[in-house]
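Visitor: Quick check, what structure comes out for this input:
(one chain, ligands or ions: 1)
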Amino acid sequence: MAAELHNVVGGTRVAGRRTFEKLDPVDGSLVAHVHEAGPDVVDAAVAAARAALDGPWGRASVAERTALLRRIADRIEERFEDFVAAEVRDTGKPEHLARELDVARAATNFRSFADTVAAAGLDSFLTELPNGRKALNYAVPKPLGVVAVIVPWNLPLLLLTWKVAPALACGNAVVVKPSEETPSTATLLAEVIAEAGAPAGVYNVVHGFGPDSAGEYLTTHRDIDGVTFTGESRTGSAIMRAVAPSVRPVSFELGGKNAAVVFADCDLEKTLDGLARSVFLNTGQVCLCTERVYVERSVFDAVANGLAERAKALRLGRPDAPDTTTGPLISQQHRKKVQSYLDLAVAEGATVLAGGSVPELGPDLAGGSWIEPTLWTGLDNSARVVREEVFGPVAALIPFDTEDDAVRLANDTDYGLAAAVWTTDLERGHRVAQQMRVGMAWVNTWYLRDLRSPFGGVGLSGIGREGGLHSMHFYTQPTNVCVQL
Ligand SMILES: O=C(O)C(=O)/C=C/C=C/O
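Guide: Next comes the predicted model:
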C-alpha cells in the first residue's frame with residue numbers, strides 16, 4: 001500500500017498542486033504519492049516559520065531550545081524502527097547501514113548541537129584604551145531567522161538533521177525541501193519534532209523538485225534569511241544565483257572527486273578494507289567517497305588485486321537480507337548517469353578490473369536501479385571519469401612514484417572535499433594530509449567523524465563549514481555591543 005506524503009506547514013498537512021510518484025530503487029515498486037508544493041504552499045511555509053519566530057519560539061531560552069533538541073533525539077530513538085523503515089523505503093540501502101549510520105546519527109546530531117549551544121560562551125573583550133579608559137565589547141548571537149534547508153537523497157535523514165539540529169539550537173525556524181527521491185524521513189521528522197513539543201511553524205516541509213518547483217520557489221523567496229544546501233555543485237551555483245538579489249548567506253556542502261593516497265609502507269589488509277569501505281559505502285553515494293586511488297607503484301598490483309577481490313565479494317540484494325552489503329543506486333535516472341560513465345571509462349581506455357555493468361539479480365529485482373561495484377586501471381588524470389564526480393560505486397586506480405607526485409595528482413582537481421592517506425609513517429601521514437587541498441583529510445581511516453570539527457570543502461566542493469561552533473557561526477548573526485566603562 002503506497003503512502004501519501006503531504007507538505008507540512010505550521011504543523012498541519014497541506015496538499016500540493018499535484019502529486020508525484022516515489023518509486024522504490026530496489027525493485028521499482030511504488031513507495032508513495034508525494035504532494036508537490038507550489039508557490040502558494042512554499043509562501044505559507046515561509047510565513048509559518050516567520051510567525052513561529054515572532055511567537056514564543058523567538059523568545060525561547062537556550063535551555064528551552066537545547067531541552068527540545070534532547071527530547072527530539074529521545075523521540076527519534078523511540079521511533080528508531082519507523083525511521084529505518086522510511087529511510088530504507090526511500091533509498092533501498094541495507095537495513096544495517098540505515099541503522100548504524102543514518103538513523104543513529106540523526107539522534108546524535110541533535111544531542112551534539114544541544115551540547116554545543118548549551119556550552120557556547122560569548123565573544124567578549126575588555127578593551128583598554130590609550131587614554132587609560134576601558135570599554136566592554138560583547139557579541140550577542142541572534143538567530144539567522146527563517147532558514148531554507150535543502151538536502152540530498154544519499155544520506156537524507158543524516159544530512160537533514162545535521163542542518164536542522166543546529167538551526168533550531170540557535171533559535172531559527174526552518175523550511176525544509178527534501179529531495180524528491182527521499183521524502184519519507186523529512187516528513188516523519190515533522191511528526192517527531194511536533195511530538196517533542198516544538199511550536200507549530202518551527203519545522204516545515206515542502207516537497208518537490210528544483211527548477212519551477214519547491215526548490216526554486218523557496219530559494220528565491222524574498223522572506224528567507226539564508227540557505228543551507230548539500231548536494232551537487234551545479235545546484236549550488238543555481239542557489240547562489242537565486243539568493244544573489246537579496247544577498248542572503250549560503251552554507252554549501254557540494255560535490256567531490258575525492259582521492260586516496262596509498263604508500264607502499266601502508267598496512268595492506270587494513271588499507272584494503274578501509275579503501276573498499278571508502279569507495280563502496282552506500283553504493284558509492286556519499287560526497288566523501290573515494291573515486292581516485294593513487295598507489296605507490298611497488299604495491300600497485302597488490303592493492304589493485306586486493307581491492308578487486310573486495311569489490312567482487314560485495315553482496316547486492318534486498319535491504320532486509322542479512323548478507324546484503326550493497327543496495328541499488330537511488331533511481332533509474334541516476335543509474336543511467338553512472339552507466340554512462342562506465343561506458344565512457346572504457347572509451348577512454350580503461351581496463352575494467354571489477355564490475356562495469358548492470359548485474360543480473362533475478363526477475364524480482366529487475367525493476368531496481370542496480371549497478372556493479374566497478375574498478376578501473378589504465379587511466380590518468382586527463383580522463384573525464386577521473387575528473388568528474390560519478391557518485392557511484394566506482395574508482396580509478398593510478399600509480400605514482402614519489403610523494404610529491406602523489407600530492408600533485410591528488411590535488412589536481414576542481415573539487416576539494418576529502419582525502420585519505422594510507423601509510424604507517426605517521427610523520428608522512430601528517431605531512432601529506434596537510435598538503436591536501438581539501439576540507440577533511442583522514443590518515444589510516446576514512447569517514448571517522450568528530451561532530452565538533454569543521455566539515456566542508458573548497459573549490460567546487462562548497463562554501464563554509466558545518467560542525468560544532470562552525471554551524472553556530474552560520475545559524476546566528478552576532479550583534480556586537482560596545483559599552484564605554
Ligand atoms: O557525516 C557528516 O556529518 C556529513 O555531513 C556527511 C556528509 C555526506 C555527504 O554525502
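Visitor: Please give the element, helix or strand, for whichever residue of the stretch 1-150 of the chain sits closest to the ligand.
Guide: Closest to the ligand within the stretch 1-150 of the chain is Arg105: 6.7 Å, counting by C-beta to the nearest ligand atom. C-betas here are computed from N, CA, C, even on glycine. Using DSSP states H and E, Arg105 sits in helix 104-119.
Visitor: Show me which residues of the stretch 201-350 of the chain sit near the ligand.
Guide: By the rule C-beta under 6 Å from any ligand atom, the part of the stretch 201-350 of the chain lying against the ligand is Val286, Cys287, Leu288.
Visitor: Which one of these is nearest to Leu342?
Guide: Using C-beta to C-beta, Val286 is the member of those that lies nearest Leu342, at 18.9 Å.
Visitor: What number of residues are in the vicinity of the closest residue to the ligand within the chain?
Guide: Using C-beta to the nearest ligand atom, the closest approach of the chain to the ligand is made by Cys287 at 3.1 Å. By other C-beta atoms under 10 Å, the residues close to Cys287 number 24.
Visitor: which non-adjacent residue is nearest it?
Guide: In this structure, Cys287 finds its nearest non-sequential neighbour in Gly256, 5.1 Å apart by C-beta to C-beta, 6 or more residues apart in numbering.
Visitor: Run through the residues that contact that neighbour.
Guide: Going by C-beta atoms under 8 Å, 6 or more residues apart in numbering, Gly256 touches Cys287, Leu288, Cys289, Glu389, Tyr415, Gly416, Leu417, Ala418, Gly457, Ser461.
Visitor: let's see it at 7 Å
Guide: Counting by C-beta atoms under 7 Å, 6 or more residues apart in numbering, Gly256 touches Cys287, Leu288, Glu389, Tyr415, Leu417, Ala418, Gly457, Ser461.
Visitor: Contact partners for Arg13?
Guide: So Arg13 contacts His6 (C-beta under 7 Å, 6+ apart).
Visitor: still on that earlier bit, can you tell me which residues contact the closest residue to the residue of the stretch 1-150 of the chain closest to the ligand other than its chain neighbours?
Guide: Of all residues not flanking Arg105 in the chain, Leu158 sits nearest, at 4.6 Å (C-beta to C-beta, 6+ apart). Counting by C-beta under 7 Å, 6+ apart, Leu158 touches Leu101, Asp102, Arg105, Ala106.
Visitor: Name the helix or strand for Ala85, please.
Guide: Per DSSP H and E, Ala85 falls inside helix 80-91.
Visitor: Report the distance from that helix to the chain centre.
Guide: 17 Å (C-alpha atoms, centre = their mean, to the nearest Å).
Visitor: do the same with stretch 124-135
Guide: Worked out by C-alpha atoms, centre = their mean, stretch 124-135 lies 44 Å from the chain centre.
Visitor: try stretch 224-243
Guide: Worked out by C-alpha atoms, centre = their mean, stretch 224-243 lies 14 Å from the chain centre.
Visitor: do the same with stretch 213-226
Guide: Mean-position distance between stretch 213-226 and its chain equals 20 Å (C-alpha atoms, centre = their mean).
Visitor: Pull out the buried residues from that stretch.
Guide: Using 16 or more other C-beta atoms under 10 Å as the test for burial, stretch 213-226 gives Ser213, Ala214, Gly215, Glu216, Tyr217, Leu218, Thr219, Thr220, His221, Ile224, Asp225, Gly226.
Visitor: The last one is in contact with Pro143, isn't it?
Guide: Pointing back at Gly226 there. No: Gly226 is beyond contact range of Pro143, at 10.1 Å (criterion: C-beta atoms under 7 Å).
Visitor: doesn't Ser29 make contact with Arg2?
Guide: Slight slip there: residue 2 is Ala, not Arg. No: using C-beta under 7 Å as the test, Ala2 is too far from Ser29 to be in contact (8.6 Å).
Visitor: Do a quick rundown of the strands in the stretch 151-300 of the chain.
Guide: 173-177, 203-205, 226-230, 250-253, 258-262, 290-296 (DSSP state E, counting those that start in this stretch).
Visitor: Okay, and the beta partners of the closest residue to Ile463 other than its chain neighbours?
Guide: What sits nearest to Ile463 in space, not counting adjacent residues and going by C-beta to C-beta, 6+ apart, is Phe252, at 4.5 Å. According to DSSP bridges, the residues that bridge with Phe252 are Phe229, Ile463.
Visitor: Let's verify Pro474: helix, strand, or coil?
Guide: Not Pro; residue 474 is Phe. Counting by DSSP: H, G, I helix; E, B strand; the rest coil, the backbone at Phe474 sits in helix.
Visitor: Which pLDDT value goes with Asp43?
Guide: In this model, Asp43 is scored at 98, pLDDT.
Visitor: just to revisit the earlier point, quick one: the strands of the stretch 151-300 of the chain as JSON lines, columns for distance to Ile72 and mean pLDDT too.
Guide: Formatted as JSON lines, the strands of the stretch 151-300 of the chain follow (distance: least, C-beta to C-beta, whole Å; pLDDT from 0 to 100):
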{"stretch": "strand 173-177", "distance to Ile72": "13", "mean pLDDT": "99"}
{"stretch": "strand 203-205", "distance to Ile72": "9", "mean pLDDT": "99"}
{"stretch": "strand 226-230", "distance to Ile72": "18", "mean pLDDT": "98"}
{"stretch": "strand 250-253", "distance to Ile72": "21", "mean pLDDT": "98"}
{"stretch": "strand 258-262", "distance to Ile72": "32", "mean pLDDT": "99"}
{"stretch": "strand 290-296", "distance to Ile72": "33", "mean pLDDT": "99"}
